[in-house]
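Chemist: I'd like to go over a predicted model; first the sequence, then the structure.
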Amino acid sequence: MRIGLFATCLGDTLFPDAVRATAVLLARLGHELVFPPDQTCCGQMHVNTGYQREPVPLVRGFAEQFGDPSIEAVVMPSGSCAGSVRHQHGIVAERYGDAALRAGVATVQAKTYELSEFLVDVLGVTDIGAYFPHRVTYHPTCHSLRLLRVGEKPLRLLRAVEDIDLVELPEADACCGFGGTFAVKNAETSSAMLADKMRHVTGTGAAVCTAGDSSCLMHIGGGLSRIEAGTRTLHLAQILASTRTSPYVLPSTPLEATR
Amino acid sequence: MSTPTYLGMPALPPRSPYGTGNLRGDRTFPRAAHDELRNGQLRRNLGKATHTIRAKRLAVTGELPDWEALRDAGSAIKTDTMNRLPELLEQLEAKVTEAGGTVHWARDGAEANDIVTRLVQQTGSDEVIKVKSMATQEIGLNEHLADQGIKAHETDLAELIVQLADDKPSHILVPAIHRNRDEIREIFRAGIPGVDPELDSVPAHLAAAARAYLREKFLTTPVAVSGANFGIAETGTLSVVESEGNGRMCLTLPDTLITVMGIEKVLPRYADLEVFLQLLPRSSTGERMNPYTSLWTGVTPGDGPQNFHLVLLDNGRTAALADRIGRQALNCIRCSACLNVCPVYERAGGHAYGSTYPGPIGAVVTPQLAGMDVSADDPNSSLPYASTLCGACYDACPVKIDIPSLLVELRHQHTEATGRTAEKLAMKAAAAVMGRPGVYRAAQKAAGLGRVVAGRDGKISHLPPPFNGWSDSRDTPAPPKRSFRAWLASAEGASALRAAAEEGARTRTEADGPDEEEQ
Amino acid sequence: MTVTARETILARIRDAQALAPASAVDIPRDYRTGRTLPDADRLALLTDRLVDYKAEVHTCTADRTPEVIADVLRERAVCHLGIPPGLDRTWLSAYEGEVHVDSADTPVPELDALDGVLTSSAVTCAETGTIFLDASPDQGRRALTLVPDLHVCVVDLSTVTPGVPEAVTRLTPTHPTTLISGPSATSDIELERLEGVHGPRTLAVVIRTDM
């Protein structure tokens, strides 16, 4: 398949390892990757903070860069960015765009996937030959769970990883408290939510807390780092990209692992 | 104080005025939450109660195979109701009148308070018994009656606790959810005349104390004030859904019953109850059915109040109705499921919202009923931001109100009205950078400079305002040396992808080989 | 002429609908309606639900109605029993205490002096364990089943429906109707259900399986 890779602005700039792992994974599965060089950001932060005029160029940019019919699917290692494309780009285009933009958005929306749903639903694979001999707990991020409805898909992928010790996260479906600018505007409430999430994560004794969104992992990982919990955060793609021939080596300090 | 500038679309015809009453707190959500978060007892009480109810709700909604079909029907019936509101209200009025009731219309809270006061005064009574009602809480009826020398006795157990403690409700369904049994015992010992001084904190004993205290009020008070869960246009039937029997007492024993109902509570057909009597109890208390539901139509000779008044309340509802997206919030049936699943409500509690309507639904309904002021410290303007947009509320809502989308919409309305703010300039700047790939790539390189402010361990531990709240409890990794795109463009990136493709091809050949032979 | 609140509100609604035009909506009614269940299944389901919400359940055939009722009343030491005017008096042939026939003229405080009340019922929903009283002569005015602390209610299995929709269609909207699911209860203390507040603290249901 010819796959358009959307790195997401956060992934491209702050967490390139997660995107690298996504690229490696898709290449290993035998697919051709396209990386439109003018891609930047999906505009989710703008929309979720109340700004819908400002991200119009971002919505247009996304539709243009990935609109090419030769790109069969657009894949990104983020539930919330995929959710933004599928649920918010239409709102922005409807309100502040023209007919061409609305059509362009509809075209890319229909072929946009978060990584785990792309692997399971489109490629029909769950065992992708990964090897990760560590105790891992999985946090389902809110947008992947309730906006995209990825359900059990990430867990099915993780269960198929060789030698993984996958432990259930108590109250897994509770929000970690990130919420984009929520963590800044309502930092204290966010911290209270984060504290509970961290308590559940560390209680599992996992070496790694994984998820499908670098943003939530930045939040959880930032908290775990501050309390020196010893549990690291790692994007789902990084676990899935780890193989016996090129295994992921857990770094010495937790925060580095998130990068 | 200068005249506040309210948000709204300048268009013809005019948009209705906003509502009055208990629909605006005295401080913003983050400030209120700052204090509430420090109340450890509140956190424990809320955590225990919300976790209890979540499990119960999931159990009783899970046992209905047609739960989703009921939600779809409930949502559509309410939307249809809003589409046909004028004729449904006129029909309701005609049917109630036909059945011996009297219908009153109130443009706002003040007018409703005046109507109720006048009706109570006409009976000659200086006290009323009350069924828990969000509408009368919204308009501040008790306080208004007190000013007119009329004592209102709340008869719902939780409302009684709140009233005796001179407290404020913090939950739609369980207004005293922030109190635990020991606190309730203390409130009863201090507030119920003649209560057993040895009263302990066994819930059954607390309920018995309330029963004994209120029984005499039920038997002697000639006027009751209630709200309504549903008003059926087709038949003029009103409905109150409750648990304790205090509702039945108020709706049955006095000579005069005054019901205050928001205009959005009307339902088209009697048969629609078959949907809502399934959706509401399972969503609110997590029961298959609440203990008592009363349905009455006007006046029945020889049975119940012989004088029945229905007060139809606008108070900002028509303002909300004028919003294409936001009007969905009027579909709310006040079950409070969204509060019980909300991670923000669970931590901050209901008082932080400052309104009669707390939690996720409060964060969308309050600004719509009472408006958002553009000033930076307006409590209502802070409400749409009091959410991570996690979506748990949408999943729990029995009438499928898309609360996260409404929050995003209200945020948009707010930013559209506020003019130039530092945040807006920052958002514009960010969009300008993101919108020009060349500038974006340059900025990305500059972000690498963030490594300078990071400590030797690669962490950024302190950030300036407004990001200091973030960095108070979270480290931020310093930006890496190389972006993804730089890696991809490098020889290392190219060879890594080539190696991965080759490894994959090799593995597939090995795996496929034996299969092919077998075939 | 002054504009009434009624005119103002109706005009505001029409203005609002002009500002935000409605999109037509079809109401999907794909939920379960018109269900039927065999007698034994409805009985089992109803019994399970009543017991779950702490109601007392007695099952009998019609010919045993008087003795079952007498047993329930004796066990509860009922000496003063209230009944609605239209109740079948043969039900009381084995009861030895005093009977007070209620009417609209009986002052409510006198109801408070009763030990219990015995009524029939209109419809019952098995799935939720809900009894519907519609103030017919065999059920009486609403105060009668509210003020006394014990309510003994006779339910004929033929009036038991599987679900809520089947029960609602059997109601007469103009009758004052009370839905009862177990004894009075509250969830107001720490959101835990607790039986017994203002309404009857004991609900005893006599299900007649051949009626």
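Modeler: Arrived safely. No experiment lies behind these values; they were computed from the predicted model shown.
Chemist: contacts, neighbours, all on C-alpha from now
Modeler: Fine.
Chemist: and for stretch B:456-473, what are the contacting residues?
Modeler: Stretch B:456-473 has contacts (C-alpha atoms under 8 Å, 6 or more residues apart in numbering or on different chains) with A:183-185, A:187-188, A:191, A:222-223, A:226, A:255-256, B:451, B:453-455, B:474-478.
Chemist: where exactly do the helices run in the stretch 151-300 of chain B?
Modeler: Along the stretch 151-300 of chain B, counting by DSSP state H, counting those that start in this stretch, helices occupy B:157-164, B:181-191, B:203-220, B:246-252, B:273-284.
Chemist: quick one, what contacts residue C:115?
Modeler: C:78, C:79, C:80, C:81, C:82, C:148, C:149, C:150.
Chemist: pretty sure the third one is touching residue C:99, no?
Modeler: This points to residue C:80. Yes. Between residue C:80 and residue C:99 a contact is recorded at 6.0 Å, counting by C-alpha atoms under 8 Å.
Chemist: So for residue A:78, what's the pLDDT?
Modeler: Per-residue pLDDT puts residue A:78 at 98.
Chemist: show me what contacts it?
Modeler: A:8, A:114, A:115, A:144, A:212, A:213, A:214.
Chemist: Most neighbours among the residues you listed, which one?
Modeler: Counting neighbours by other C-alpha atoms under 10 Å in any protein chain shown, the top entry in the contacts of residue A:78 is residue A:214, with 30 neighbours.
Chemist: picking that back up, from the contacts of residue C:115, which ones fall inside strands?
Modeler: C:80, C:81, C:82, C:150 (DSSP state E).
Chemist: Find the closest residue to chain C in the stretch 51-200 of chain A.
Modeler: In the stretch 51-200 of chain A, the residue that lies nearest chain C is residue A:95 (14.5 Å; C-alpha to the nearest C-alpha).
Chemist: low pLDDT regions in the chain?
Modeler: Using chain A. Chain A contains residues with pLDDT under 70 at A:252-259.
Chemist: please go with chain C instead
Modeler: Ranges of chain C meeting pLDDT under 70: C:1.
Chemist: the helices in it, which residues?
Modeler: Counting by DSSP state H, chain C has these helices, from start to end: C:5-19, C:39-52, C:65-75, C:108-112, C:164-168.
Chemist: separation between the nearest residue to residue B:172 once chain neighbours are set aside and chain A?
Modeler: Nearest non-adjacent residue to residue B:172, counting by C-alpha to C-alpha, 6 or more residues apart in numbering or on different chains: residue B:336, 5.8 Å away. Distance, residue B:336 to chain A, by C-alpha to the nearest C-alpha, to the nearest Å: 18 Å.
Chemist: Could you do residue B:34 as well?
Modeler: 7 Å.
Chemist: Dead centre of chain A: give me the residue that sits there.
Modeler: Closest residue to the average C-alpha location of chain A: residue A:78 at 2.2 Å, with C-alpha atoms, centre = their mean.
Chemist: Just give the closest residue to that residue, not the sequence neighbours.
Modeler: residue A:213 (4.6 Å).
Chemist: and that neighbour, what are its phi and psi?
Modeler: Backbone geometry at residue A:213, expressed as degrees, to the nearest 10, gives phi -130, psi 120.
Chemist: didn't it look like it was pressed against residue A:235?
Modeler: Yes. Using C-alpha under 8 Å, residue A:213 is in contact with residue A:235, at 6.9 Å.
Chemist: Now render the contacts of residue C:115 as JSON lines, adding neighbour count and distance to residue B:199.
Modeler: As requested, the contacts of residue C:115 are exported to JSON lines (neighbours: other C-alpha atoms under 10 Å in any protein chain shown; distance: C-alpha to C-alpha, whole Å):
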{"residue": "C:78", "neighbour count": "19", "distance to residue B:199": "28"}
{"residue": "C:79", "neighbour count": "16", "distance to residue B:199": "30"}
{"residue": "C:80", "neighbour count": "18", "distance to residue B:199": "30"}
{"residue": "C:81", "neighbour count": "24", "distance to residue B:199": "31"}
{"residue": "C:82", "neighbour count": "24", "distance to residue B:199": "32"}
{"residue": "C:148", "neighbour count": "24", "distance to residue B:199": "24"}
{"residue": "C:149", "neighbour count": "23", "distance to residue B:199": "22"}
{"residue": "C:150", "neighbour count": "24", "distance to residue B:199": "25"}
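Chemist: Run through the neighbouring helices and strands of the longest helix along chain B.
Modeler: Across chain B, the longest stretch assigned as helix under DSSP H is helix B:491-518. If you count contacts as 3 or more C-alpha pairs under 8 Å, 6 or more residues apart in numbering or on different chains; DSSP states H and E, helix B:491-518 packs onto helix A:16-28.
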